[in-house]
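[1] This is a predicted model, with the sequence first.
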2 protein chains.
Amino acid sequence: MRRDIFQAIADPTRRAIIVLIALQAMTPNAIAEHFDTTRQAISKHLRILTECELVKQEPQGREIYYSLEIEKMKEIEKWLEQFKKIWESRFNQLDNLLTTIKK
Amino acid sequence: MRRDIFQAIADPTRRAIIVLIALQAMTPNAIAEHFDTTRQAISKHLRILTECELVKQEPQGREIYYSLEIEKMKEIEKWLEQFKKIWESRFNQLDNLLTTIKK
DNA sequence: AACTTTGGAAACCGGTTGGTTGCATATATA
DNA sequence: TATATATGCAACCAACCGGTTTCCAAAGTT
């Protein structure tokens, strides 16, 4: 039951759902139409995405609109930052090397 | 057996390994010392990381040094970019709104 | 009130995962 | 050459995952 965002985006169907609802909220049925699977399977994916707060629900009559919690996506970005520092510094090292050779 | 980078980083132990070897190459034994698990378990994680080319090996005598393929990490960054556009544009929308209110 | 639509929950199933234990191989070292 | 060290691989196992089928509840529609 331990959900975290990295486990949530590990599944390709869930990543596709995230992309799908990033720009506009959608109902489970509407989402399921985009995949070759049952509505119930999509419902399970939505539950996992909801559990780790990547997705929020907005009930509207008997329909429920799901949309992306875009702020939560920044957690991935945050984890990546430590590596960005490394690859940027490697660029700098390469840059320094090239400057030295030039001289 | 289909490995992809998102599945690779889904496991917390593997994420910790990635961080550990990001700055300096390490042998499986040295890596295993940092975790409360067997060397063989770490070996399996390293195999998965190697399979999806997140990690590269450098044999040196009877030891094998593992280090991070930092370029591969950019694939995650690449996938995140589509959302970065969204959260930046939301910032802009908020910005526009604030400007309008100010007027 | 009876029917339809929307969506969640439970039970089940086969495949995968992460771990352990035991073994094999290759490289040092005595 | 015999021994110790470093590592990978195979077999096994309990837990988990993603999917299906079945069922139930709530909200519209007739």
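    Structure's in. What do you need?
[2] need the strands for chain A, in chain order.
    For chain A, the strands defined by DSSP state E occupy A:55-60, A:63-68.
[3] shouldn't A:Glu63 be in contact with A:Thr27?
    Yes. Applying Cβ atoms under 8 Å as the test, A:Glu63 and A:Thr27 come out as touching, 4.9 Å apart. C-beta coordinates here come from the backbone N, C-alpha and C atoms, glycine included.
[4] When these two are compared, which one has more neighbours?
    A:Thr27 (16 against 12; other Cβ atoms under 10 Å in any protein chain shown).
[5] Contacts only, for that one.
    For A:Thr27, the contact set (Cβ atoms under 8 Å, 6 or more residues apart in numbering or on different chains) comprises A:Glu63, A:Ile64, A:Tyr65, A:Tyr66.
[6] Show me which residues of chain A sit near DNA strand C.
    Taking Cβ under 7 Å from any atom of the strand as the measure of proximity, chain A contacts DNA strand C at A:27-30, A:39-40, A:43, A:46-47, A:57, A:62-64.
[7] Determine which two of these are furthest apart.
    Largest separation among the residues of chain A next to DNA strand C by Cβ to Cβ: A:Arg47 and A:Arg62, giving 18.2 Å.
[8] When those two are compared, which one has more neighbours?
    More neighbours surround A:Arg47 than the other of A:Arg47 and A:Arg62, with 11 against 6 (other Cβ under 10 Å).
[9] Enumerate every residue touching that one.
    If you count contacts by Cβ under 8 Å, 6+ apart, A:Arg47 has none.
[10] how far away is it from DNA strand D?
    Distance, A:Arg47 to DNA strand D, using Cβ to the nearest atom of the strand, to the nearest Å: 10 Å.
[11] And that residue, what's its pLDDT?
    Residue-level confidence at A:Arg47 comes out at 98, pLDDT.
[12] got the contact list for the nearest residue to A:Asp11 once chain neighbours are set aside?
    Using Cβ to Cβ, 6 or more residues apart in numbering or on different chains and skipping residues adjacent in sequence, the residue nearest A:Asp11 is A:His45, 7.1 Å away. A:His45 sits next to A:Asp11, A:Thr13, A:Arg14, A:Ile17 when contact means Cβ under 8 Å, 6+ apart.
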